[in-house]
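Novice: below: sequence and its predicted model.
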Amino acid sequence: MKILAIESSCDETAAAVTEERRVLSSVVATQIEEHRLYGGVVPEIASRRHVESISQVLKEALDQAGVTLREIDAVAVTFAPGLIGALLVGVNFAKGLAFSLQKPLVPVHHLRSHIAANYITHPELEPPFLCLLVSGGNTVLVEVRDYTGFRILGGTKDDAAGECFDKAARAMGLAYPGGVTLDRIATTADHQKYPLPFPHVSTGEYDFSFSGLKTAVMNLINRSAMKNEALDIPVLCATLRQRVCDILIEKTLLAAKHTGCQRIAVAGGVSANSELRRRMTEECRKRGLSLYYPDLCYCGDNAAMVGVQGYYEFLSGNIADSSLNAFATMNIDYR
Ligand code: KG4
């Protein structure tokens, strides 16, 4: 079954053609350069750029896959969560396509598709498993019970891990998207020098909080500016990266222990973090747990993962009609 998938939830316009778990093509038009000017994503600009590039991105995806629109069996699209204006571009485009082709329209939850990126990289991976989902907008620990069944164990009470990286990096004067830059700069530095708190969250043992950490970094920056002291930016990057990894790894391993899950997947943009990958690999190996993370090209937003999750949504009967709407927020376990 060939699926044409569309993704426009934030600042990447993407289209892909997939066949079950196989990727026949995956095209991503990123807007990073334009948003860099403002230090973050400007929603209105994102929506406009999606409108401008979506037709061309779709054409490239079809050309690269060597298929025509007539050979497509279904159209899958990210419909939630994300920037509402950006999502609406993809949703309306997909609706028009599905209607004109007279093919099923499959709505795909953005976080479910991030998990599905692991199905591309690991053809043997099947639910159930535990997934740490870490992106720019979300940090959630979920039990993936089956391809479309999820139980949320915990999530962030304030900022997402990626957001913490991005905002702290911006305060340090690093280029957007800060998480990537921070990861690169941190690699050569020692992480012991600056004291950063380990946030405690009272709502649940698998819940996260990153806003205090971000504030602690900003306070360090402000204090050193007032005292006219130079900050060691690579060391601060390494310290923050280390602390975020401590938190993510501790909660994930705790959840694995309590649920008895032997398989752990990591997904979302922050799953590209080199230290998170290294330490997770080490900790899982020590405990005899199997660890999965996506190839780097599928960590960030892309449409191939939407097509793969779309396949499983289609099999479970999740098919929309032309009344499909976009939603800025929606839990991964929605029904
Ligand atoms: O999944 P994604 O592309 O978009 C969302 O759905 O949010 O994630 C983007 C986030 C950004 O916060 C970015 O800074 C972060 O992923 N990110 C990283 C790395 N690569 C991307 N954070 C830390 N280390 C990285 N190597």
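Specialist: Done, it's in. Numbers count the residues shown, from 1 in each chain.
Novice: what is the neighbour count of residue 294?
Specialist: 26 (other CB atoms under 10 Å). For the C-beta atoms, the positions are set from N, CA and C on the backbone; glycine is no exception.
Novice: just the strands from the protein, written as ranges.
Specialist: Counting by DSSP state E, the chain has these strands, from start to end: 2-7, 12-19, 22-30, 74-80, 105-109, 129-134, 139-146, 149-155, 263-267, 290-292.
Novice: can you pull up the most central residue in the chain?
Specialist: By CA atoms, centre = their mean, the chain has its centre lying nearest to residue 268, at 2.7 Å.
Novice: ok, now how distant is the closest residue to that residue other than its chain neighbours from residue 205?
Specialist: Closest residue in space to residue 268, ignoring its immediate chain neighbours: residue 135 at 3.4 Å, by CB to CB, 6 or more residues apart in numbering. Look at residue 135 and residue 205: by CB to CB, to the nearest Å, they are 22 Å apart.
Novice: could you do residue 71 as well?
Specialist: Residue 71 is 49 Å from residue 205, by CB to CB.
Novice: from the chain's centroid, how far away is the longest helix anywhere in the chain?
Specialist: The longest helix of the chain (DSSP state H) is helix 233-259. On the basis of CA atoms, centre = their mean, to the nearest Å, helix 233-259 sits 17 Å off its chain's mean C-alpha point.
Novice: helices or strands next to that helix in the packing?
Specialist: strand 129-134, strand 139-146, strand 149-155, helix 161-171, helix 178-186, helix 211-226, strand 263-267, helix 274-287 (3 or more CB pairs under 8 Å, 6 or more residues apart in numbering; DSSP states H and E).
Novice: JSON lines for those, including mean neighbour count and mean pLDDT?
Specialist: Output for the helices and strands packed on helix 233-259, formatted as JSON lines (neighbours: other CB atoms under 10 Å; pLDDT from 0 to 100):
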{"stretch": "strand 129-134", "mean neighbour count": "26", "mean pLDDT": "98"}
{"stretch": "strand 139-146", "mean neighbour count": "22", "mean pLDDT": "98"}
{"stretch": "strand 149-155", "mean neighbour count": "18", "mean pLDDT": "98"}
{"stretch": "helix 161-171", "mean neighbour count": "25", "mean pLDDT": "95"}
{"stretch": "helix 178-186", "mean neighbour count": "22", "mean pLDDT": "94"}
{"stretch": "helix 211-226", "mean neighbour count": "16", "mean pLDDT": "95"}
{"stretch": "strand 263-267", "mean neighbour count": "25", "mean pLDDT": "98"}
{"stretch": "helix 274-287", "mean neighbour count": "15", "mean pLDDT": "98"}
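Novice: could you dump the ones you listed into TSV and include distance to the ligand?
Specialist: Below are the helices and strands packed on helix 233-259 laid out as TSV (distance: least, CB to the nearest ligand atom, whole Å):
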stretch	distance to the ligand
strand 129-134	8
strand 139-146	10
strand 149-155	14
helix 161-171	3
helix 178-186	2
helix 211-226	12
strand 263-267	8
helix 274-287	6
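Novice: closest to residue 304 out of those?
Specialist: Among the helices and strands packed on helix 233-259, the nearest to residue 304 by CB to CB is strand 263-267 (13.2 Å).
Novice: that closest one packs against which elements?
Specialist: By 3+ CB pairs under 8 Å, 6+ apart, strand 263-267 packs against helix 110-121, strand 129-134, helix 233-259, helix 274-287, strand 290-292.
Novice: just to revisit the earlier point, how much space between the residue nearest to residue 268 and the ligand?
Specialist: Here residue 135 is placed at a distance of 3 Å from the ligand (CB to the nearest ligand atom, to the nearest Å).
Novice: before we move on, what about residue 40?
Specialist: Distance from residue 40 to the ligand, by CB to the nearest ligand atom: 10 Å.
Novice: and this structure, which of its residues are near the ligand?
Specialist: 10, 135-137, 162, 165-166, 177-180, 183, 268-270, 272-273, 300-301 (CB under 6 Å from any ligand atom).
Novice: surely residue 51 and residue 92 touch.
Specialist: No - Residue 51 is not in contact with residue 92 according to CB atoms under 8 Å; the separation is 9.6 Å.
Novice: what is the neighbour count of residue 21?
Specialist: Neighbours around residue 21, by other CB under 10 Å: 17.
Novice: nope, residue 90 is what I meant
Specialist: Residue 90: 26 neighbours (other CB under 10 Å).
Novice: and it, what's its pLDDT?
Specialist: Looking at residue 90, its pLDDT stands at 98.
Novice: once you drop chain neighbours, what's closest to it?
Specialist: Residue 90's closest residue in space is residue 8 (CB to CB, 6+ apart), at 3.4 Å.
Novice: follow-up on the earlier one: for the residue nearest to the centre of the chain, what are its contacts?
Specialist: By CB atoms under 8 Å, 6 or more residues apart in numbering, residue 268 lies in contact with 111, 114, 133, 134, 135, 138, 162, 299.
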